[in-house]
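Asker: Predicted model, plus sequence, below.
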Amino acid sequence: MEKSFKLDIDAKGIGWLTFDYPGEKVNKFSTHVMEELNSVLDEVAANPSVRALVIQSAKKGIFIAGADVKEIYDIMSQGEEVAPLVQKLLSRGQETFNKLEQLRCPTIAVIDGACMGGGTEFSLACTYRVVTDHAKTSIALPEVNLGIIPGWGGTQRLPKLIGLQNSLPMILGGKKVDGKKAFKLKLADSIIPHEFLKDRLPDFVESCLNASGRSKILNARTNRKGIQKVQDYLLEKNPLGRSLIFSQARKGIMKKTMGKYPAPLAALDVVETTYGWHLQAGLKKELDTFVNLTTKHADICENLVNLFFVNEDLKKDPQVFVDSTPKKVDVAGVLGAGVMGGGIAWLFSYKDIPVRIKDIQWDAVSKGFEAANSIYKQLQKIRKLNTGQVNLKMHKISGATDYSGFQNADIIVEAVVENMDLKKKVFAELEEKIRPDTLICSNTSALSITEMQKDLKHPERFVGMHFFNPVNRMPLVEIIPGEKTSKETVASMVSLVKKLGKTPVVVGDCAGFLVNRVLIPSMNEGLLMLEEGLEIERVDNAITHFGMPMGPFTLADEVGNDVGYKVALILNEAYGDRMSVPPTFKKIVDAGLFGKKMGRGFYIHKGKEKTLNPEVSEILGTTRRSHLSAEEMVDRFVLVMLNEACRCLEEKIIENPAYLDMAMITGTGFPPFRGGLLRYADSRGIPTIVQRMKEFSERFGERFKPCSLLEEMASEGKSFYGPQA
């Protein structure tokens with residue numbers, strides 16, 4: 001078997017250990033890699049001529065991606081054998097990193113690229129860490145996102161190195177830090193410009209080998225001035241202060257996860273319990289907690305790991321195969337400067353693509369600038385960008401009330417109001433002002449792409465590109481080809497969306513496309529439950545307790561009830577009675593209760609606070625009360641979604657169940673710990689789901705009647721992800 005490590009010892013006694021996992025784009029710790037690393041460390045330990053060991057990567061833009069996630073997943077699939085297998089895997093890793101830490105010579109991790117999970121834990125076991133200012137340099141412990149915790153010493157070594165308050169966001173939330181931040185936190189002992197790494201690294205190595213150099217490095221670590229305020233440092237040095245830190249961390253976890261994800265709480269328990277313990281005792285607690293998560297909460301771990309693989313597949317999958325290279329996008333244009341237009345313009349500028357916004361009036365254009373600037377201010381507030389960086393990126397946005405400058409654009413994204421006639425008029429004007437090869441996209445959330453492209457001179461370059469609001473937070477972008485859209489155009493859009501840092505999913509052209517078509521029935525169901533006498537807060541609370549980020553009425557207010565109503569009408573026209581719009585929706589819109597943007601919707605909004613809006617009760621004009629249980633509310637909300645999702649599979653709007661699940665998670669916030677809509681159905685059993693839908697069909701209406709795909713799956717014992725158990 002080809003080796004992953006190459007050890008060269010130079011004339012000065014410096015060992016240069018290069019990690020280059022054969023046949024892979026990234027370095028990762030698999031079982032055989034760890035065995036090889038063990039042998040290399042033994043070789044170094046046995047060689048007294050080695051004065052220092054420098055570990056670096058041969059992969060561009062990557063140091064170590066962490067443990068081999070597939071191995072972890074395979075172990076979790078072993079049933080009753082999980083605990084001893086996980087324990088064995090972790091013990092070996094801990095022993096290897098302990099061996100690295102205990103080498104008599106200093107060890108130096110050279111991080112010039114991504115350093116994740118087990119890679120970060122590996123670097124923490126080294127004596128020193130060097131980072132570069134490369135854009136891809138980042139350090140993180142993302143294990144909680146997979147339903148597990150750092151298991152090779154991350155919960156023990158990181159707090160000791162950079163303190164509780166700096167380490168907890170990384171351990172409990174998977175927060176990434178770039179090279180500059182790592183150096184500021186003293187997570188790294190030196191930062192070297194990427195371009196000069198080869199020239200300057202030897203000087204740092206030499207400084208680690210003389211007393212004055214080592215003293216300078218260690219003094220820099222212990223001098224916490226500039227890392228955190230003096231009172232924060234003192235807070236960690238007394239029991240009451242630490243208790244406050246842990247209490248606030250626990251509150252933050254509960255607010256973010258509602259207690260649905262056990263891993264962050266388990267990680268916090270490990271750090272809190274073992275603070276001040278000897279390393280070996282802490283590692284034992286870390287190991288036991290990791291094993292407990294993979295056994296008692298195996299379903300959550302498996303769901304989150306599965307989603308990791310789906311996400312990786314989407315990153316690699318072009319979703320359409322063409323011979324030509326995707327079109328390069330260097331300049332963009334946006335038609336329509338509303339909230340969405342401003343958000344899309346922000347995204348282009350954030351990725352350093354110059355963008356020009358057009359609207360019919362300068363007041364409207366200025367609102368687009370305001371929307372983009374507002375997002376940048378948020379990033380500045382959380383210190384992701386500084387003032388200079390914000391100014392540079394804002395200068396990549398320009399505005400106009402005509403089509404001047406659009407002839408330079410490689411792509412135009414239309415984001416005007418949801419009106420087919422208006423959109424067609426805009427596209428007819430646009431085609432006369434741009435190059436024949438410029439891509440044209442519509443950000444429509446529900447209207448037909450095929451219909452829009454009918455009158456275009458070059459329909460092959462026209463495609464749907466549906467962003468979700470807010471653009472800066474929602475990862476999903478639906479790519480919708482029309483009948484005449486070329487495969488080359490689709491391939492170019494998939495490539496561009498990935499470049500923008502979003503998740504592209506190619507779906508078929510139908511009213512509402514995929515996500516809105518599946519989501520709107522559940523929103524309608526919420527309104528129907530309201531008309532039956534259920535309280536707004538009861539429904540919202542039941543749905544958020546299930547794991548959705550917000551209930552249907554809170555979501556409606558966030559999106560805008562006027563916008564939601566228009567989309568609901570489009571879907572009602574397309575799909576008939578099963579998507580009938582409840583009369584209450586029209587009354588809400590007619591009353592001007594548009595939601596958060598107006599301060600009044602189902603709730604009254606004042607800043608971050610919201611209270612029930614009494615006007616809604618007046619509109620309903622009913623004193624009836626429904627006694628549905630929370631379980632029944634959730635089932636009504638979820639099962640209408642499931643039925644429509646299965647129709648999308650039947651009609652081949654989307655063919656891959658895993659991609660459908662990922663779209664619902666990234667587009668609606670369907671709870672990841674449940675694995676996605678279809679995986680959730682599998683977990684309950686398709687026959688059980690079908691029986692429940694038939695019961696609801698009799699009680700609440702034909703919309704719950706299982707579609708033919710579900711009926712067929714139930715009768716044949718099939719599931720979305722394999723045979724039923």
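Answerer: Here it is on my side, so go on. In this text the structure is predicted, and so the values were computed from the model without any measurement. Numbers count the residues shown, from 1 in each chain.
Asker: As a check, name the ranges of all helices in the stretch 251-400 of the chain.
Answerer: 262-274, 279-296, 298-316, 339-350, 362-381, 387-394 (DSSP state H, counting those that start in this stretch).
Asker: between these, which gets nearest to A568?
Answerer: helix 339-350 (18.1 Å; C-beta to C-beta). Heads up, the C-betas are built off the backbone N, CA and C, glycines and all.
Asker: what's the following helix or strand after the helix or strand containing W16?
Answerer: Secondary-structure assignment from DSSP states H and E places W16 in strand 14-19. Using DSSP H and E, the helix or strand that directly follows strand 14-19 along the chain is helix 31-45.
Asker: Now for this structure, the helix or strand with the poorest mean pLDDT.
Answerer: helix 230-236 (a mean of 67; mean pLDDT, DSSP states H and E).
Asker: pLDDT below threshold where in the chain?
Answerer: 1, 79-80, 224-233, 622-624, 723-725 (pLDDT under 70).
Asker: the domain parsing of it - what is it?
Answerer: Domain ranges of the chain: 5-305, 332-506, 515-716, per automatic domain parsing.
Asker: for the nearest residue to K216 once chain neighbours are set aside, what are its contacts?
Answerer: Spatially, and ignoring its direct neighbours in sequence, K216 is nearest to S207 (7.2 Å; C-beta to C-beta, 6 or more residues apart in numbering). Residues near S207 by C-beta atoms under 8 Å, 6 or more residues apart in numbering: G213, R214, K216, I217.
Asker: and the domains of the chain as JSON lines, adding distance to K316?
Answerer: Below are the domains of the chain laid out as JSON lines (distance: least, C-beta to C-beta, whole Å):
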{"stretch": "domain 5-305", "distance to K316": "10"}
{"stretch": "domain 332-506", "distance to K316": "10"}
{"stretch": "domain 515-716", "distance to K316": "13"}
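Asker: which SS state does I480 fall under?
Answerer: Three-state assignment for I480 (DSSP: H, G, I helix; E, B strand; the rest coil): strand.
Asker: And S715, by the same measure?
Answerer: S715 is classified as helix under three-state DSSP.
Asker: ok, now how distant is it from G685?
Answerer: Applying C-beta to C-beta, to the nearest Å, the value for S715 to G685 is 13 Å.
Asker: out of these two, which sits in the busier spot?
Answerer: G685 (15 against 11; other C-beta atoms under 10 Å).
Asker: which residues are contacting stretch 696-716?
Answerer: Identification of contacts with stretch 696-716 by C-beta under 8 Å, 6+ apart yields 521, 528, 577-579, 635-636, 639-640, 642-643, 646-647, 649-650, 686-687, 689-690, 693-694, 718-720.
Asker: one more time with 6 Å, if that's ok
Answerer: R578, N643, C646, R647, E650, I686, P687, V690, M693 (C-beta atoms under 6 Å, 6 or more residues apart in numbering).
Asker: measure the nearest residue to the fifth one once chain neighbours are set aside to G213 for me?
Answerer: Distance criterion C-beta to C-beta, 6+ apart; nearest residue to E650, sequence neighbours excluded, is L709 at 5.0 Å. Taking C-beta to C-beta as the measure, L709 falls 68 Å from G213.
Asker: Over to D421?
Answerer: From D421 to G213 the distance is 73 Å (C-beta to C-beta).
Asker: Between the two, which has more neighbouring residues?
Answerer: Higher neighbour count among D421 and G213: G213, with 15 against 7, using other C-beta under 10 Å.
Asker: got the contact list for the more buried one?
Answerer: S207 are the contacts of G213 under C-beta under 6 Å, 6+ apart.
Asker: Which helix or which strand is home to it?
Answerer: Counting by DSSP H and E, G213 is found in helix 211-222.
Asker: Buried residues of that helix, list them for me.
Answerer: For helix 211-222, the neighbour count (16 or more other C-beta atoms under 10 Å) marks I217 as buried.
Asker: how about the nearest residue to A220, chain neighbours excluded?
Answerer: K186 (6.7 Å).
Asker: same thing with G259?
Answerer: L265 (7.4 Å).
Asker: State the number of residues packed around the one you found.
Answerer: Neighbour tally, L265, other C-beta under 10 Å: 18.
Asker: I'd like to know how far it sits from L304.
Answerer: According to C-beta to C-beta, L265 and L304 sit 15 Å apart.
Asker: repeat for E431
Answerer: Taking C-beta to C-beta, one finds E431 at 46 Å from L304.
Asker: what do you get for Y350?
Answerer: With C-beta to C-beta as the criterion, Y350 and L304 are 28 Å apart.
Asker: Same check on L639?
Answerer: Going from L639 to L304 by C-beta to C-beta gives 24 Å.
Asker: between those two, who's got more neighbours?
Answerer: L639 (24 against 20).
Asker: which secondary structure element contains the closest residue to the more buried one other than its chain neighbours?
Answerer: Closest residue to L639 apart from its sequence neighbours, by C-beta to C-beta, 6+ apart: M693 at 5.5 Å. In the assignment (DSSP H and E), M693 maps to helix 686-700.
Asker: what's near enough to touch the spatially most central residue of the chain?
Answerer: The residue lying closest to the centre of the chain (C-alpha atoms, centre = their mean) is P475, at 6.3 Å. Contacts were defined as C-beta under 6 Å, 6+ apart; by that measure P475 touches K502, T503, T666.
Asker: all helices for the stretch 1-150 of the chain, in order.
Answerer: Counting by DSSP H, counting those that start in this stretch, one finds helices in the stretch 1-150 of the chain at the ranges 31-45, 69-76, 82-101, 118-124.
Asker: and of those helices, who's closest to G592?
Answerer: The nearest among these, by C-beta to C-beta, is helix 69-76 at 50.3 Å.
Asker: which residue sits closest to K351, ignoring its sequence neighbours?
Answerer: Closest residue to K351 apart from its sequence neighbours, by C-beta to C-beta, 6+ apart: L500 at 5.5 Å.
Asker: Could you report the separation of the one you found from T137?
Answerer: On the measure of C-beta to C-beta, L500 and T137 end up 21 Å apart.
Asker: ditto for A67
Answerer: Counting by C-beta to C-beta, the separation of A67 from T137 is 20 Å.
Asker: what about the two, which has more around it?
Answerer: Between A67 and T137, counting by other C-beta under 10 Å, A67 is the more crowded of the two (28 against 25).
Asker: related to what we said a few turns ago, and of the helices of the stretch 1-150 of the chain, who's closest to L53?
Answerer: helix 31-45 (5.6 Å).
Asker: Name the residues of that closest one that are buried.
Answerer: V33, M34, E36, L37, V40, L41, V44, A45.
Asker: mind saving the C-alpha coords of stretch 189-198 as PDB?
Answerer: Only the C-alpha atoms of stretch 189-198 are listed here, as PDB (Å, rounded to 0.1, in the frame of the first residue of the first chain):
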ATOM      1  CA  ASP A 189       2.600  30.700  17.700                       C
ATOM      2  CA  SER A 190       3.500  32.400  14.400                       C
ATOM      3  CA  ILE A 191       1.800  33.600  11.200                       C
ATOM      4  CA  ILE A 192       3.800  33.600   8.000                       C
ATOM      5  CA  PRO A 193       2.600  35.100   4.600                       C
ATOM      6  CA  HIS A 194       1.600  32.200   2.400                       C
ATOM      7  CA  GLU A 195       4.000  33.300  -0.400                       C
ATOM      8  CA  PHE A 196       7.000  33.300   2.000                       C
ATOM      9  CA  LEU A 197       6.300  30.200   4.000                       C
ATOM     10  CA  LYS A 198       9.100  28.200   2.400                       C
END
